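Fold the following for me, if possible:
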Amino acid sequence: MRLKTPMIWFVEALESCRMAFTAIAAHKLRSALTLLGVMVGVFSIIVVMTAMRVMQSNIERQLSSLGSETFEVLKWPGTFIGVSSGDYEKYWRRKNVTLSDGKRLQEKMTLPANIGIEATFWSGEIDTRYKTSAPTVRLFGETPGSFPARNWNLAEGRLLADADVDSARNVCVLGFGLATNIFPNSSAVGESIKIGGINYSVVGVLEGKGGAMGGDQDNFAVVPLTTCLNRYGRRWKTLNILVQAPDRASYDATVEEVRGVMRIIRKVPPGKDDDFEIASNNSMIEQFKNFTRNVRIGVALVSGIALLAAGIGIMNIMLVSVTERTREIGIRRAIGAKKRNIMVQFIMEAIALCEVGGAFGVVFGILGGNLLAFFLKLPPVIPVDWVILGLAICSVVGIVFGTYPAWKAANLDPIESLRYE
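Residues are numbered from 1 along each chain as shown. Just a heads-up that it's a prediction; the model follows:
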């Protein structure tokens, strides 16, 4: 029974693959040196892209502390990636975001679901009757609206109330990691702790979120914002305002309402730039991507040069292979092989060389890029899109640089090839 044309092509391609890998295995050292160039080119792409994905996933993980549909109003940019010295001076000259700004915004806004005001004041150790913590505990000053905006959920006790802020009470809510550390055998709620030598009553404990960047993002204490401002000073402290939109559909409208009200509160003249920043998860991630775009372009150029050099090496080796196997080509032609069979055989050999080198480059690139994740104690990342793109580029290199040697092999005269010694 006559095989259908697609089946014939499949069988021929499969046989060509088998012959390609047999030829590569027959000249191990030469093949290894040839695919080394491809491996270096693919490795340089994958290792950088993997490392960047690790950094990006870490940024996204840290920013996930913001609740759903939450953005911040800040004096400074959310991140300083790519900020020039001139921009830094512009930000420094801005007025601080104050508690008065936050309260007036709360009074005038109509769209937000929650508005919180916060600042980070302190990092040190906390004393209890049981033990003293490590000197890495962060102290946050917050208002009640910060908890839903920050996606902080209550595990035990209660959250801060408006009365705590209005009266500047010495009460606090602990992160889960801190609570279990300093009160390992009992509930923290109702206990007393010392922060900077001042006694605070623990009124609540938050649910745990785990670690980030090799640390513990639950290792913090939250006290009323007014308590912190009274104790640590107001004059030089700029605050952050957290705004949570009610849903995704009204997110953009909420951002624009906040921008308009803040411009009125801070007396920004029409036509002038905002003297504050509005930062969200997406905007900070986009800023990171923009900053790394030039790095990715540079790596792509270097890798392109490496792959070009590797392609030239593959073409050279394939031409040598054609010369060495001239008699084999003549025998195949004599027993009925067509020109296309010879061309497919040598193109598949070039592709196989590139793909083997590319596979090694991908493996070493992923391992190398994830060393960053290992040292920062972050989950490993596999950039699947770049892996597929890298292997696809290897196939293109094999086809482009293997076509001429394959064409030359296919067009050898069968009679002269049989006579070749």
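
Only C-alpha atoms from now on, for both contacts and neighbour counts.
Will do.

Averaged pLDDT, the top strand by length along the chain. What do you get?
Among the segments of the chain that qualify as a strand by DSSP state E, the longest is strand 114-124. Here strand 114-124 scores 90 as its mean pLDDT.

mind checking the end-to-end distance for stretch 163-175?
Stretch 163-175 has its terminal residues 21 Å apart, counting by Cα to Cα, to the nearest Å.

Okay, buried residues for stretch 161-181 please.
164-165, 168-181 (16 or more other Cα atoms under 10 Å).

Which strands and helices lie in contact with the following helix or strand past the longest strand of the chain?
Once strand 114-124 ends, the next helix or strand along the chain (criterion: DSSP states H and E) is strand 126-127. Here strand 126-127 touches strand 192-195, going by 3 or more Cα pairs under 8 Å, 6 or more residues apart in numbering; DSSP states H and E.

other SSEs contacting the strand it packs on?
Right, strand 192-195 is packed against strand 126-127, strand 198-206 by 3+ Cα pairs under 8 Å, 6+ apart.

Contacts for it next, please.
Residues outside strand 192-195 that contact it (Cα atoms under 8 Å, 6 or more residues apart in numbering) are 125-129, 199-202.

how far out from the middle of the chain is it?
38 Å (Cα atoms, centre = their mean, to the nearest Å).

so which strand or helix has the residue nearest the centre of the chain?
Taking Cα atoms, centre = their mean, the centroid of the chain lies closest to residue 56, which sits 1.8 Å from it. Secondary-structure assignment from DSSP H and E places residue 56 in helix 28-63.

I'd like the next helix or strand past that helix.
Next helix or strand after helix 28-63 toward the C-terminus (DSSP H and E): strand 70-74.

Can you give the strand pairings for that following strand, parallel or anti for each?
When pairing is defined by DSSP bridges, strand 70-74 lines up against strand 240-244 (antiparallel), strand 277-280 (antiparallel).

Can you pull the poorly scored residue ranges out of the stretch 1-150 of the chain?
For the stretch 1-150 of the chain, applying pLDDT under 70 flags the ranges 1-13, 16, 59-68, 78-88.

and the residue nearest to the centre of the chain, how far is that from residue 50?
10 Å.

follow-up on the earlier one: and the strands paired with strand 70-74, which is most packed in?
Neighbour counts (mean count of other Cα atoms under 10 Å) averaged over each of the strands paired with strand 70-74 peak at strand 240-244, with a mean of 27.

what about that one, distance to the chain center?
How far strand 240-244 lies from its chain's middle: 24 Å, per Cα atoms, centre = their mean.

which residues touch stretch 260-272?
101, 104-105, 108-109, 274-275.

ok so, going back, enumerate the positions of the longest strand of the chain that are buried.
Buried residues in strand 114-124 (16+ other Cα under 10 Å): 114-123.

May I ask you to name the longest helix in this structure?
Assignment by DSSP state H gives helix 281-324 as the longest helix of the chain.

That one vs strand 70-74, what angle?
110 degrees (axes from the mean of the first three to the mean of the last three Cα atoms, to 10 degrees).

Return the distance of helix 281-324 from the chain's centre.
Using Cα atoms, centre = their mean, the offset of helix 281-324 from its chain centre is 20 Å.

any idea of the mean pLDDT for that helix?
Helix 281-324 shows an average pLDDT of 79 in the prediction.

Next: stretch 374-392.
85.

Just the residues contacting it, thanks.
42, 45-46, 49-50, 53-54, 58, 212-214, 355, 358-359, 362, 366, 370, 373.

out of these, which are buried?
Among these, the ones that count as buried by 16+ other Cα under 10 Å are 42, 45-46, 49-50, 53-54, 58, 212-213, 355, 358-359, 362, 366, 370, 373.

in stretch 365-377, what's buried?
Across stretch 365-377, burial judged by 16+ other Cα under 10 Å covers 365-373, 376.

need those in CSV with secondary structure and distance to residue 290, can you?
Listed next are those as CSV, based on DSSP: H, G, I helix; E, B strand; the rest coil; distance: Cα to Cα, whole Å:
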residue, secondary structure, distance to residue 290
365, helix, 23
366, helix, 23
367, helix, 25
368, helix, 23
369, helix, 20
370, helix, 22
371, helix, 24
372, helix, 21
373, helix, 22
376, coil, 23
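
Return the member of those nearest to residue 346.
For the buried residues of stretch 365-377, the residue nearest residue 346 by Cα to Cα is residue 365; the value is 28.2 Å.

residue contacts, the closest residue to that closest one other than its chain neighbours?
Nearest-residue entry for residue 365: residue 47, 4.0 Å, with adjacent residues in sequence omitted and distances by Cα to Cα, 6 or more residues apart in numbering. Residues near residue 47 by Cα under 8 Å, 6+ apart: 364-369.

Next: residue 362.
Contacts of residue 362 (Cα under 8 Å, 6+ apart): 39, 42-43, 46, 387, 390.

hmm, which two among those are most spread apart?
39 and 387 (12.6 Å).

out of those two, which sits in the busier spot?
Of the pair residue 39 and residue 387, residue 39 is the one with more neighbours under other Cα atoms under 10 Å, namely 27 against 23.

Give the rounded mean pLDDT of stretch 335-354.
Stretch 335-354 comes out at a mean pLDDT of 83.

Not counting it itself, show me its contacts.
Residues contacting stretch 335-354 (Cα under 8 Å, 6+ apart): 12-13, 16-17, 19-21, 23-24, 31, 34-35, 38, 314, 318, 329, 333, 394-399, 401-403, 405-407, 409-411.

Restricting to C-alpha, output it in PDB.
Taking C-alpha atoms only, stretch 335-354 is exported to PDB below (Å, rounded to 0.1, in the frame of the first residue of the first chain):
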ATOM      1  CA  ILE A 335      20.200   3.700  -4.400                       C
ATOM      2  CA  GLY A 336      17.400   6.200  -5.000                       C
ATOM      3  CA  ALA A 337      17.700   9.100  -2.500                       C
ATOM      4  CA  LYS A 338      16.500  12.400  -4.000                       C
ATOM      5  CA  LYS A 339      18.000  15.800  -3.600                       C
ATOM      6  CA  ARG A 340      15.400  16.800  -1.000                       C
ATOM      7  CA  ASN A 341      16.400  13.700   1.100                       C
ATOM      8  CA  ILE A 342      20.000  14.800   1.200                       C
ATOM      9  CA  MET A 343      19.100  18.400   1.900                       C
ATOM     10  CA  VAL A 344      16.700  17.400   4.800                       C
ATOM     11  CA  GLN A 345      19.400  15.100   6.200                       C
ATOM     12  CA  PHE A 346      22.000  17.900   6.500                       C
ATOM     13  CA  ILE A 347      19.600  20.600   7.600                       C
ATOM     14  CA  MET A 348      18.300  18.400  10.300                       C
ATOM     15  CA  GLU A 349      21.900  17.700  11.400                       C
ATOM     16  CA  ALA A 350      22.500  21.500  11.700                       C
ATOM     17  CA  ILE A 351      19.300  22.000  13.600                       C
ATOM     18  CA  ALA A 352      20.100  19.100  15.900                       C
ATOM     19  CA  LEU A 353      23.500  20.700  16.700                       C
ATOM     20  CA  CYS A 354      21.800  24.000  17.500                       C
END
